[in-house]
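Peer 1: Mind folding the following:
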Amino acid sequence: MQPDSKQPNSSFDLQVPLVQIIAQHAEVNQKQILFIRLEMVLEEADESLYWLEVAQEAKLIQAEKLESLIKEANETCKNF
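Peer 2: Presented below is the predicted three-dimensional model:
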C-alpha cells in the first residue's frame, strides 16, 4: 500500500505556506501570553482583597472606606 500523496510524512503540511504556519504559531503564543496575564491579574486582585480584609478586621481604615474596594475586588475575582 502506497502512502497517500496528499498526506506528508512530517508534522507540517508541506502545502501550507510557511508564513501561515508562523502566523498560527504566533496567534497561539499571544493567547498563551494573554492567559498568563489574566492569571496574574486574578492573583493580584485576590491578594489585594486579602489585605483589604486584613485592614478591615484590624480596623486600620474606616469600614465605610473599605466597603466599596472590597466589593470591587470581590467582583473582579468572580469575573475570572
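Peer 1: So which elements touch the lowest-mean-pLDDT helix or strand in the chain?
Peer 2: Taking mean pLDDT, DSSP states H and E as the measure, the chain has helix 18-57 as its least confident helix or strand, at a mean of 84. Packed against helix 18-57 by the contact rule (3 or more CB pairs under 8 Å, 6 or more residues apart in numbering; DSSP states H and E) you find helix 63-79. In short, each C-beta sits where N, CA and C put it, glycine included.
Peer 1: how close does the residue sitting nearest the centre point of the chain get to Asn79?
Peer 2: The structure's the chain has its C-alpha centroid closest to Phe35; by CA atoms, centre = their mean the separation is 2.2 Å. Phe35 is 15 Å from Asn79, where distance means CB to CB, to the nearest Å.
Peer 1: With Lys31 instead?
Peer 2: Going from Lys31 to Asn79 by CB to CB gives 19 Å.
Peer 1: Would you mind measuring the gap between the ends of stretch 52-68?
Peer 2: With CA to CA, to the nearest Å as the measure, stretch 52-68 spans 11 Å from end to end.
Peer 1: how about that stretch: buried residues?
Peer 2: Neighbour counts using 16 or more other CB atoms under 10 Å place Leu52, Ala55, Gln56, Leu66 of stretch 52-68 among the buried residues.
Peer 1: Name the surrounding residues that touch that stretch.
Peer 2: Leu69, Ile70, Ala73 (CB atoms under 8 Å, 6 or more residues apart in numbering).
Peer 1: ok, now stretch 37-48?
Peer 2: Counting by CB under 8 Å, 6+ apart, Ala73, Thr76, Cys77, Phe80 sit against stretch 37-48.
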